[in-house]
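> make a model of this:
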Amino acid sequence: MSACVPTRDDHTSRSWRQSNGPGIKRPHSPPPPRRGGRFRVAGADLSASITVFLIAVPMSLGLAVAMDAPLEAGLVSAAVGGIVAGLLGGTPLQVSGPSAGLTVVTAELIQIYGWRTTCAITIGAGLLQILLGAVRAARSALAVSPAIVHGTLAGIGVAIALAQLHIVLGGSPQSSAVDNALALPAQLDRLSPAAPLVGGLTIAVLMVWPRLPGRIGRAVRRIPAALASVAIATAAAAVAAPGIARVDLPSWRSHALPELPQGPVLALATAVFTVTLVASLESLLAAVAVDKLTTDRAGRQSTEPPAPAVPTAPPVRRSDLDRELRGQGISNVLAGLLGGLPVSGGAVRSSANVRAGATGRASTVLHGVWVLLAAGLLVTALEWIPLAALGALVMMVGIQMVSYAHIRNVHKHREFPVYGATITGVVLFGVLKGVVIGIAVAVVIALHRLARTRITVTDQGGQHLVVVRGQLTFLAVPRLSRTLGRLPQGGDAVVELDGFFMDHAAYETIQDWSDAQTAQGGRVVFTGRSGGRIAEPASAAHSCCRPWTPWRNHHCHDRPEPESVHRDRGTRADAGREHHATTTSPSPGTTDTTAADTMTDVTSNSTPTPSAAAPAAEPIPGAPSSTALPATPRRTGAHRLVSGLSSFQRNTAPLVREELARLAREGQRPSQLFITCADSRLVTSMITASGPGDLFTVRNVGNLVPPPGAEAGDDSVGAAIEYAVDVLQVESITVCGHSGCGAMQALLGAKPDNPRTSLWRWLRHGLPSLERMASRHRAWARISGRLPADALEQLCLTNVVQQLDHLRAHESVSRRLTEGTLQLHGMYFHVGEAQAYLLTEGASAGTCVDEVFDHVGPGDPSGSGQLERTSA
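Next up, the predicted model:
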């Protein structure tokens, strides 16, 4: 039923929008099938590979200097990471190379074991990564608290910045971050101006380059800032400081390869585990970041028509994190065998790859090929680069690893102590011990939050509000019992439970107190914070409104009150005793009211009052569902509005908030204009199975479309049509009538002397439908397989066809129909049968004499077959 049931895929079906090919994985859908085919190189991939290559070369050399490793080892890792991880990894646009996160760890390993044993440790870490990827542990690795992960990377960034600051100042880094911090005063005492000036120039260019204004700035910014800063610093050093320390690339013939590791087995195993942990976390986090960047890029392309000369990037498949982990492991094995640094996915290189317009693996692989060629052909040029420039470049990378956005995020989630403890542990004691410290602090905070419960009591003029914040476990039972015991016996109370867990001991304590209060004539109401429910019974969960269908059972909170309770409402104590002693089933026409019903009823207002409470005691959430409760009075319209809004905020808003936020960012892009009657029984979103952003809806009395220029016309309908057709560029317009339409009934009974009220002036636009039905020159509109039931149904069907004729008279609609970019559809909905009927394709287009509405069945979900069959 594609004509009248838009889906999410309809949003992107216009010619300039990105199509939902098999490479796109939509939310909650299974992974798309992998597509085979040969390795292809697009023009965008070629240009992106050059951009990434120009960033990777100075970055790789700088990381090798920071680790005190052979400089050619950085180029080996960049080439292996680009080619091997690019071909075998699970993130097509991720660029791998020397790991910035392992700078401190690798430097320490080189100092303790030497370079050749460090290469063997890299091989072991790669084998462990392959094993973890084979057992599909990638997602489990990301289950670690984000505060610990980002704290670890931030601590590594601090250590990198402290170490590289010594190189920028013309010295050499120490063995640890603490030693580097303590040695800074001595380094400043023997400061020589050449290295700091070259380093300062590099930092200045890095910061200013992306912000160059004007047309020249836009052209110059195509050169990566990392390359520009190193090139400018190299040129300045060649002129002003010819004797400054520079890159020294030894001959490839003397390149050191790995050897069998020598040292304590436990220490070597710890080193392998540390390298695996940091490299894997860095790669997986970078893969997630690449997915987000790719999605944002696709979103921008879908909302903006591309320039004719600029091709739209094809869809990129989401990351397979387990495959990515295996690819990183194979890269580390090969890098270790070839004498390279540990490899991981890099956020800096990968983000540059995405922003440069890369469309697939070709850009990553080609970047590795260019690095390999540079390592053999550009040795002389690379040896002109000052070490201070590379040190400044890597120092800025370390500073950027301490992200203010991450700090703000963990602070918002009250996890900054974990973040701070992890940073401190990494800086003072190393990566592995820092991670252990962060985990320990996270566990302590979690236990503290679980055991911490705040209980407050407020007297609200004869009624006490008891607020319980936190989890209710047996540890809180003594304090809870004392607090509840101080309340007046037989008094009214509202208990607000703000938590997500209650154990059996706490439940029994509250239930016993509630029963005692009720027995003495008191009234107790249990709510959640802002109307939220806590631990409702399973039976209640299915007896009331579902979040996505708030109209279903929408009278479940509006049941009439039993006579016995209503008769005795004047005496609260008597009513309480009567209810406590009576557990009979409700009167005919009502159903049992469970705890879920009570909670929804009471929590429609954030601060319950005695008048809003039930007439007698109610069990707390989690009470047995067999307990009979008195029903509440039927609500008025105002109360129902408040209750409905509260139900939406509680049940539906959390489910649609993300989708509505996306629509708020991207704007509305409905595929269809839906013109229908204002009748309250016609729920358009329910009938068409549509959601937010799918339909641009116009509702009026009688689903009328005044023809353009009509006397006493209504410009609001014409304006909506013009906006939908010309601005929103909808693909179809549907006019939907329905059975038992009051407007059509009024037209059938119209008299010449009817008063000229607003309603009758509007219904004049339906008179052509009456004339069409009475005409002998036109076939009657009918439902396939039967004649109209009566004159009212005949007019409702005819009115749909007539309003389609009025639509074609609008200039914007006529133009789009001529261009073949717009379709018109007629629809009839029988309310009593809950059955939709579609006007045949020829009749909708105005080319068929026979005006037949065909039945739409559940076996034809697309609707295309239905239209083709009826038009034939």
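> and residue 734, which of the three is it?
In the three-state summary, residue 734 is assigned as strand, counting by DSSP: H, G, I helix; E, B strand; the rest coil.
> which residue is the nearest non-sequential neighbour of it?
Leaving aside its sequence neighbours, residue 734 sits nearest to residue 825 (Cβ to Cβ, 6 or more residues apart in numbering; 4.5 Å). Every residue, glycine included, has its C-beta placed from N, CA and C.
> for stretch 687-701, which positions count as buried?
Judged by neighbour count using 16 or more other Cβ atoms under 10 Å, the buried positions of stretch 687-701 are 687-688, 690-691, 693-698, 700-701.
> who's in contact with it?
4-8, 10-11, 656, 659-660, 663, 668-678, 684-685, 714, 717, 720-721, 724, 728, 730, 736, 742-743, 759, 762-763, 829, 836 (Cβ atoms under 8 Å, 6 or more residues apart in numbering).
> let me see the contact set for residue 192.
Contacts of residue 192 by Cβ under 8 Å, 6+ apart are residue 170.
> can you tell me which helix or strand it belongs to?
Using DSSP states H and E, residue 192 maps to neither a helix nor a strand.
> let me know the pLDDT of it.
At residue 192, the predicted lDDT confidence score is 83.
> just residue 6 next, same as before
So residue 6 comes in at 38 (pLDDT).
> same question for residue 127.
95.
> hmm, it is touching residue 334, no?
No: in terms of Cβ atoms under 8 Å, residue 127 does not count as a neighbour of residue 334; the distance is 11.5 Å.
> between the two, which has more neighbouring residues?
Set residue 127 next to residue 334 and count neighbours by other Cβ atoms under 10 Å: residue 334 wins out with 22 against 17.
> return the residues in contact with the more buried one.
Residue 334 touches 80, 84, 126, 340, counting by Cβ under 8 Å, 6+ apart.
> for the third one, give me its contacts.
By Cβ under 8 Å, 6+ apart, residue 126 lies in contact with 328-336.
> please identify the helix or strand for the nearest residue to it once chain neighbours are set aside.
Sequence neighbours aside, residue 332 is the residue nearest to residue 126 in space, at 3.0 Å (criterion: Cβ to Cβ, 6+ apart). Element membership for residue 332, per DSSP H and E: helix 321-337.
> can you list the strands that whichever helix or strand comes after that helix pairs with?
Next in sequence after helix 321-337, counting helices and strands by DSSP H and E, comes strand 343-345. Strand pairing for strand 343-345, using DSSP bridges, gives strand 96-98 (antiparallel).
> which residues touch the partner strand?
Taking Cβ under 8 Å, 6+ apart as the rule, strand 96-98 contacts 56, 59-60, 63-64, 74, 77-78, 81-82, 85-86, 89, 283, 328, 331, 340-346, 349, 364.
> burial of the residue lying closest to residue 173 once chain neighbours are set aside, as a residue count?
Excluding its sequence neighbours, the residue lying closest to residue 173 (Cβ to Cβ, 6+ apart) is residue 163, at 3.8 Å. A count of nearby residues for residue 163, using other Cβ under 10 Å, gives 28.
> how distant is the host helix or strand of residue 163 from the center of its chain?
If you go by DSSP H and E, residue 163 is part of helix 146-168. Centre-to-centre, helix 146-168 and its host chain are 29 Å apart (Cα atoms, centre = their mean, to the nearest Å).
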